[in-house]
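Engineer: would you be able to build a 3D model of this:
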Amino acid sequence: APSRELHEQLAGKPDVTLHWSTDDRQLLDERCRVVVEPLLFENHVDAKLVNTMARGIPAVTTRHALRRAHFKMRSGVVLADSREDMVLAIKRLMTDAAAWKKAAREGMAAAREKLPRFELAHCLRRELRRLHGLGR
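Structural biologist: Reported below is the predicted structural model:
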């Protein structure tokens, strides 16, 4: 999670949205152009990336995150090895329509291949919680 100072700084920017949920419709409702997923310490790397990519929104993440993913991804996500690389990747996707279209197209193709397994896993998890009276 970002520090309080960074959170406050980003909250003041009208074109930046912090999102916390992998199924957050806010990404579509606000017509996000790029989703930045540093994913340095988080679990569920795959789900966060696949859900973004399935929406046709290019995702920028770290090479470190993909090393922790459960599936191998050859394309569909833009990788950055450093903070500087991440800034350059975001800037390119925000200004280069051809790069944006390519990343969106590759992301959707990769997500189509992976999404059925994630949907099944989420359905099973919900049903197990329901059967065991755990709610949510």
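Engineer: so which strand or helix has the residue sitting nearest the centre point of the chain?
Structural biologist: When the chain is reduced to its mean C-alpha position, the closest residue under C-alpha atoms, centre = their mean turns out to be Leu49, at 3.7 Å. For Leu49, the element it lies in under DSSP states H and E is helix 45-54.
Engineer: check which helices and strands that helix sits against.
Structural biologist: strand 35-37, strand 59-62, helix 63-68, helix 97-131 (3 or more C-beta pairs under 8 Å, 6 or more residues apart in numbering; DSSP states H and E). All C-beta atoms are positioned from the backbone trio N, CA, C, and that covers glycine.
Engineer: need those in TSV (columns: mean neighbour count).
Structural biologist: Converted to TSV, these look like this (neighbours: other C-beta atoms under 10 Å):
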stretch	mean neighbour count
strand 35-37	20
strand 59-62	24
helix 63-68	15
helix 97-131	14
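Engineer: got TSV for the ones you listed, with distance to Glu8 and mean pLDDT too?
Structural biologist: Output for those, formatted as TSV (distance: least, C-beta to C-beta, whole Å; pLDDT from 0 to 100):
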stretch	distance to Glu8	mean pLDDT
strand 35-37	18	82
strand 59-62	23	88
helix 63-68	25	76
helix 97-131	29	83
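Engineer: with respect to Ala80, which of the ones you listed lies nearest?
Structural biologist: strand 59-62 (5.9 Å; C-beta to C-beta).
Engineer: and the closest one, how far from the chain's centre?
Structural biologist: 7 Å (C-alpha atoms, centre = their mean, to the nearest Å).
Engineer: that older thread, mind putting the helices and strands packed on helix 45-54 into TSV with distance to Asp81?
Structural biologist: What follows is the helices and strands packed on helix 45-54, written out as TSV (distance: least, C-beta to C-beta, whole Å):
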stretch	distance to Asp81
strand 35-37	15
strand 59-62	8
helix 63-68	5
helix 97-131	17
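Engineer: of all the ones you listed, which one is nearest Val78?
Structural biologist: Closest approach to Val78 among these is made by strand 59-62 (4.6 Å; C-beta to C-beta).
Engineer: ok, the closest one: who's next to it in the sheet?
Structural biologist: strand 35-37 (parallel), strand 78-80 (parallel) (DSSP bridges).
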